[in-house]
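# sequence unknown, structure follows:
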């Protein structure tokens, strides 16, 4: 057995125990973890300082260094995040749709944990704690595989969680960190059939593509979005400008940020200069179709590639379309299925957009930036799914569960 | 583009149209298909006769030939099956959990079709029609890949469905049959990313293993079961004998049939001869552990392999265990996660079994043979999932849907 298979085996055994733990036990463990993170802050900061020093030596970018760096306030925020998860309702053990069949069998569906969840993620060490807390609360064991830059931080955080679990429960192995950060260890985790019930990769297009090439275990794809905002003929143009400014510029690195603006031809001449004035305050670059470029002479001509790009920065692709039909066609051809918005005052067009766009979140007159577990009222999220199987959009605790059928009989045979 | 990619592209385009079709349109199409199957019975029988003749030349077994053969009664049953699907409630378009958030956004979840579903199956041509009807009703396009033996039958059935769809709707391409029955075409379908939203393989362990090796698209594993019946210390022994007789012998080829009997030591001497007398009427072979063989001298000694085998015939593995704990351990180690049953009069043991067994269907005092969409009240089923992601146990129309979030705003930005 490889080191990872041994971890898988241990996680599976812990998951069996965790699956039958009560909410009270799970919450006690989560609260103890939150306290331990604060009590052992010095250890965490020391490990993180090592990571940051190595990263600087390797010439990490300032924005990545910022995501990697921990400080007392960020550790407190992590601990508070765990306390918030403890306070959420337990998604496990709910029995629904129980019916009595004509033959007297009582049949119902009970929510149960998924089992063992693998998570592959990149720089931010807080994901280690956030993801573990959500998995534990939903009764799942988790095998974490973080980025190389954050290994010392992740390892210290994981050890603190494991030692706390050891002290107060019987399932310390429910949280494990893959000890290698070589590329091969990610591939091995993607192929850990027999141990992993699901793998959730959190990262950019490169990671998602590697998963789709290599994974042999069930996967929930999260974390990349080519989101569209469409300004309809009847749009309130000032509302449209505010929405595209917010959707593009409030936080361009995240997956719910807009990447492409579509504008109905009838309003393009009035709308585009208005929008540009607001985008200019962020020095946002515009890559436009030829009509856009003729209205906005500063715009850079777009190539076909632009319609499929998640920029993740202050760049926006802009296309003038004949109206709703062409907008729907463009979205169907280029969207990643994350979030799309129509800005319109037309009831009929709003309804058509809601019906016909096949994405996780479809908006009328609101910024795509709201696609988020907290904003949707799910309490917390482990990622935003862009696939249709199992979970779509923000994934909260419920999406980390499965179900089983319970059947109460009295000797029935068929 | 390969022939299959072209089919995928056409299916995807049809799925977009089908996704926004109303229930009335879909039901009209289904009823027209049912009528067409009966009206064009002669064509179907002629194609099926060709398949049966070829199969006989190739030395097909009598039981497979029986599954392949169509006759007027079986065609009527297929057509009636389609009418039953038409009569079921449409699973698409239900909006649930709609809430108004503090910022005024109204957010709800709407059920939507999965999109394009691939199905790989073996000999029985009725699956072609059953599966297509369920997929259509839930608003999905389907790409069918049936077995070589049934190709002429499947092709004729598919053409009748496509011609009917052509006449009464805009989505004839919503039903397609892969035109090659070579092994490579199954592998290509497993890797048709960008077109398939989910693949449902229906078949034996060999197909499931090939899918887990080759699939690049999301998969729902169905159709194989290593089901257990455990006779507890306090069991009503006659009830136990009736249940194991029914679970093993009423239809041993199906996935919800029992393969292993576990018996608590305290009742083994009384129970095993009773059960054997009932199993003997089917000439059921018993592969027993050493204790079983000492109680039942006719039993064949079991090897380790027996505990992991889905026999699919009149063979039963039998093991004496110390009690509930050992039964739970054995099931955790060997079950395929399909269906397991405890026969007991102990309230506490019944509850423990229901809580701790991690299978799609967990029974107290009833035959595992009830794990079935019809028996569970789902109306019809496309298969029985043994995985935990998306769907578990019998999959009805609801399990052929996903959801999207609808967000009604009034200009909100974040």
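Yes, it's here. Keep in mind the model is a prediction, meaning the values are calculated, not measured.
# stretch A:138-153: end-to-end distance?
24 Å (CA to CA, to the nearest Å).
# quick one: mean pLDDT for it?
Stretch A:138-153 shows a mean pLDDT of 97.
# which ones are touching the residue of the stretch 201-350 of chain A found nearest chain B?
As assessed by CB to the nearest CB, chain B sits closest to residue A:246 within the stretch 201-350 of chain A, at 3.6 Å. For the C-beta atoms, the positions are set from N, CA and C on the backbone; glycine is no exception. Contacts of residue A:246 were listed using CB atoms under 8 Å, 6 or more residues apart in numbering or on different chains, and they are A:367, A:369, B:413-414.
# in the helix or strand harbouring it, what counts as buried?
Under the criterion of DSSP states H and E, residue A:246 resides in helix A:237-249. Residues A:237, A:239-249 are the ones in helix A:237-249 that count as buried (16 or more other CB atoms under 10 Å in any protein chain shown).
# of those, just say which sits nearest to residue B:121.
residue A:247 (44.5 Å; CB to CB).
# what bridges to the nearest residue to the closest one once chain neighbours are set aside?
Residue nearest to residue A:247 in three dimensions, not counting chain neighbours: residue A:258, with 3.7 Å by CB to CB, 6 or more residues apart in numbering or on different chains. Beta bridges link residue A:258 to residue A:227 when assigned by DSSP bridges.
# now do the strand or helix carrying residue A:6: which elements does it pack against?
Under the criterion of DSSP H and E, residue A:6 resides in helix A:3-19. Here helix A:3-19 touches strand A:106-113, strand A:116-120, strand A:141-145, strand A:175-177, helix A:183-190, going by 3 or more CB pairs under 8 Å, 6 or more residues apart in numbering or on different chains; DSSP states H and E.
# how far away is residue A:380 from chain B?
Distance of residue A:380 to chain B, computed by CB to the nearest CB, to the nearest Å: 16 Å.
# related to what we said a few turns ago, what's the most distant pair in the contacts of residue A:246?
So, the contacts of residue A:246 by CB to CB: farthest apart are A:369 and B:413, at 7.4 Å.
# settle it for me: which of these two has more neighbours?
residue A:369 (25 against 17; other CB atoms under 10 Å in any protein chain shown).
# quick one: secondary structure of that one?
At residue A:369 the chain is in helix, as set by DSSP: H, G, I helix; E, B strand; the rest coil.
# give me the neighbour count for residue A:182.
10.
# where does it land on pLDDT?
For residue A:182, the model assigns a pLDDT of 93.
# look up phi and psi at it.
Phi and psi for residue A:182, reported as degrees, to the nearest 10, are phi -70, psi 150.
# about what we covered before: ok, which of the helices and strands packed on helix A:3-19 comes nearest residue B:3?
Residue B:3 lies closest to helix A:183-190 among the helices and strands packed on helix A:3-19, at 30.1 Å (CB to CB).
# elements contacting the closest one?
Using 3+ CB pairs under 8 Å, 6+ apart: helix A:183-190 touches helix A:3-19, strand A:116-120, strand A:141-145, helix A:205-214.
# okay, these in JSON lines with mean neighbour count next?
Below are the helices and strands packed on helix A:183-190 laid out as JSON lines (neighbours: other CB atoms under 10 Å in any protein chain shown):
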{"stretch": "helix A:3-19", "mean neighbour count": "19"}
{"stretch": "strand A:116-120", "mean neighbour count": "27"}
{"stretch": "strand A:141-145", "mean neighbour count": "27"}
{"stretch": "helix A:205-214", "mean neighbour count": "16"}
